[in-house]
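**Student:** Need the 3D shape of this:
(chains A and B, ligands or ions: 2)
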Amino acid sequence: MSVLTEKVMTRDWGKPGQNTLKGYKERGGYQQLKRVLDSMQPAQITDEVKKSNLRGRGGAGFPTGLKWSFVPSLEKNTKPRYLAINADESEPGTAKDRFILENDPHMLLEGIGIACYALGAHSCYIYARGEFKYPSSVLDAAIAEAYADGIFGKKLMGKDFELNVVQVRGAGAYICGEETALLESLEGKKGWPRLKPPFPAVVGLFGCPTVVNNVETIAALPRIFEKGADWFSKLGAAKSGGTRLVTLSGSVIRPGTYEVSMDTSMRELIYDKEYGQGLPEGRNVKAVIPGGSSAPVLTPDELDVKLEFDAFKPLNSMAGSGGVIVIDDATCAVRSIWRVARFYAEESCGQCTPCREGQPWMARLIRKIEEGRGEMSDLDTLMNVAQAIAPWPPIGLGNTICALGDAGALPVQSFVQKFRKEFEEHITRKGCPYGEKPWGAYGEFQ
Amino acid sequence: MSEPLFTPAEQKRFDDGIAQLLSHYPNDRKSAAMLPALRLLQSIKTWCPPEGMKLVAERLETTVAHCYEVATFYVMFHTEKPGKYVIDVCTNLSCALRGAEGMLKYLEQKLNTHAGTNGEKVFLRETECLASCGTAPCMQINEDHHENLTKEKVDRLLETLT
Ligand SMILES: Cc1cc2nc3c(=O)[nH]c(=O)nc-3n(C[C@H](O)[C@H](O)[C@H](O)COP(=O)(O)O)c2cc1C
Ligand code: SF4
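**Tutor:** Ligands and ions are numbered 1, 2, ... in the order given. Below is the predicted model of the structure:
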């Protein structure tokens, strides 16, 4: 069994004063930034990050060091460079970045110092979702402490390198978690994703080279430099270093946000006593959404998958943002995917026809079936509409400007494919087999 | 004469706030401060009234149309005056699996309203995932976050709405 031998991200959460500068420093905080500034060249830092096999925790699992290396050299491109931190955390099922901000904000800030020095970025914008009133207040206080202590500002910890860090709050638009929509929003516009290429590393914020990284990704940096890239890399799987934060929600006894080893299986996460503790008496798993609601659904025979980025590929799903949603066998699958489809319909920014028209169309068709008005031909229409946005499998064939198209189309296809019988049953019975109680073991409000 | 938009104290808060916001952006990129500027306006007035939008456009050296384009894109900005309490209830999957649909019905009953209706006292809305998936169900009242909700907790929260 793959117990987590060592906490990496959550090691100090909840210790006295950890969310303040004093508490953070008492446990060695900012020593890694200091050491890096004193003894390393920017290129060496990027090399270490590459060696650590750190991969992006925002959803795509892209190798972080490699992403940084796409920023053109100053000789080739003399524009300022920016770091943008993605704290938009809006993928349904995902609640981890907020806990970093709430419990250990300086860990992120120290990581920002290291990353900005490596990238030659003198400005960092942290884009936090608008609903994060409390997490944002903790972060703002931490930023203020870091300025007051001379960490940020004209001289980054005394080094001749200016660094300014500011938090900008969103205002309720899921699409702004997509990196180019995030940049548009930071520029004061509505969140319409940009066509790529050019990629943000070359043409990003204000037309300048910009790296966009997730909170958890950057918050891992202090630990990588404390314990070494090799250590971090060995902790993880072959090509994904470190541990992961996952959010376990839905029909389990103990939902919550957990730090797990990459070697942990989905089954262990759901059933082990230190994590989900299984389902209530008499209930079994019907389906598991493994990486935020955009990840194609898994069935009970697929639960031995490890929670590592590459392990989901053979299942045509993804580790995504680590949002694991467990659906028990007393829950209606059609109702579940209807709720997911409504979300993507609501959040489509409207730029591309397949996504703008297709997402609401899918939601209407699923609703029709759930409400007992469906016909068998609706299932074909549903699949056709989804495939026009992004055919699946495999992942990555989307026809739209951004991956929100895929995010809405893939789960629908996976649900229809894996739970087709249940869709058909709705159609032949002219109604939901679960009647007034579609939401399973914990679906009653009490 | 119509009433002025701000009291003198509010005007100062707005002016100081805008000056601070603009300091975070390149000089030729004032309109980048749009989201924080609208947030500032809304924090003072509880919504984004037309005269306020004009002022934001002026200070950010952009058009009123740009202000509305942004304000109407993001659900947290109110271009119409909302009820005193805006209650956002997450009904997305993780919350639904923990009773969110029932909670919404319960709130509709207790508050005698329907989700999506803006009333003088309460504007109850269904909203999307609020990152409380492991602590569901949840809701926000005027942006204050409440999680692990039960009937008992909801009753207590509603008692505080005066
Ligand atoms: C529709 C959509 C929503 C996204 N939402 C988020 C989000 O809320 N937070 C996040 O970090 N990444 C999100 N991403 C991924 C970002 O585009 C980007 O890949 C990520 O922030 C890069 O950081 P990383 O390399 O550290 O993971 C989203 C992507 C898409 C297509
Ligand atoms: S795929 Fe959807 S969300 Fe993305 S740019 Fe196109 S319309 Fe907008």
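**Student:** Nearest spatial neighbour of A:G28, chain-adjacent residues omitted?
**Tutor:** A:E226 (7.2 Å; Cβ to Cβ, 6 or more residues apart in numbering or on different chains). Glycine gets a C-beta too; all of them are placed from N, C-alpha and C.
**Student:** thought that neighbour was touching A:K34?
**Tutor:** No: the pair A:E226 / A:K34 is not scored as a contact, 11.6 Å apart, by Cβ atoms under 8 Å.
**Student:** how about stretch A:13-30: buried residues?
**Tutor:** Neighbour-count burial for stretch A:13-30 flags A:W13, A:Q18, A:N19, A:T20, A:L21, A:G23, A:Y24, A:K25, A:G29, A:Y30 (criterion: 16 or more other Cβ atoms under 10 Å in any protein chain shown).
**Student:** wait, doesn't the last one sit right on A:M157?
**Tutor:** So that's A:Y30. Yes: shown here, A:Y30 and A:M157 form a contact pair, counting by Cβ under 8 Å, at 7.0 Å.
**Student:** Point out where the chain drops to low pLDDT.
**Tutor:** All of this refers to chain A. A:1-3 (pLDDT under 70).
**Student:** nope, chain B
**Tutor:** Using pLDDT under 70, chain B drops low at B:1.
**Student:** biggest helix in it by residues?
**Tutor:** helix B:8-22 (DSSP state H).
**Student:** and that one, is it in reach of chain A?
**Tutor:** No: using Cβ under 8 Å from any Cβ of the partner chain, helix B:8-22 never reaches chain A; the gap is at least 9.3 Å.
**Student:** Using the record's assignment, carve chain B into domains.
**Tutor:** Following automatic domain parsing, chain B resolves into domains at B:8-73, B:85-159.
**Student:** neighbours of B:D16, just the number please.
**Tutor:** As a burial measure, B:D16 scores 11 neighbours (other Cβ atoms under 10 Å in any protein chain shown).
**Student:** who's in contact with it?
**Tutor:** By Cβ atoms under 8 Å, 6 or more residues apart in numbering or on different chains, B:D16 lies in contact with nothing.
**Student:** List the residues that are in contact with both of A:Y30 and A:M157.
**Tutor:** Common neighbours of A:Y30 and A:M157 (Cβ under 8 Å, 6+ apart) are A:G113, A:I151.
**Student:** Run a quick neighbour tally on the closest residue to A:A238 other than its chain neighbours.
**Tutor:** Sequence neighbours aside, A:D310 is the residue nearest to A:A238 in space, at 7.4 Å (criterion: Cβ to Cβ, 6+ apart). The local packing of A:D310 (other Cβ under 10 Å) involves 16 other residues.
**Student:** Just say which of the domains of chain B is most tucked in.
**Tutor:** With neighbours taken as mean count of other Cβ atoms under 10 Å in any protein chain shown, the domains of chain B reach their highest mean count in domain B:85-159, at a mean of 20.
**Student:** Include distance to A:M362 and secondary structure when you put the buried residues of stretch A:13-30 into a markdown table, please.
**Tutor:** A markdown table is the format used below for the buried residues of stretch A:13-30 (distance: Cβ to Cβ, whole Å; DSSP: H, G, I helix; E, B strand; the rest coil):
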| residue | distance to A:M362 | secondary structure |
| --- | --- | --- |
| A:W13 | 39 | coil |
| A:Q18 | 44 | coil |
| A:N19 | 42 | coil |
| A:T20 | 47 | coil |
| A:L21 | 48 | helix |
| A:G23 | 48 | helix |
| A:Y24 | 46 | helix |
| A:K25 | 51 | helix |
| A:G29 | 47 | coil |
| A:Y30 | 49 | coil |
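**Student:** Just want the residue of chain B that's nearest ligand 1.
**Tutor:** B:A131 (9.2 Å; Cβ to the nearest ligand atom).
**Student:** ok, now how distant is that residue from chain A?
**Tutor:** 4 Å (Cβ to the nearest Cβ, to the nearest Å).
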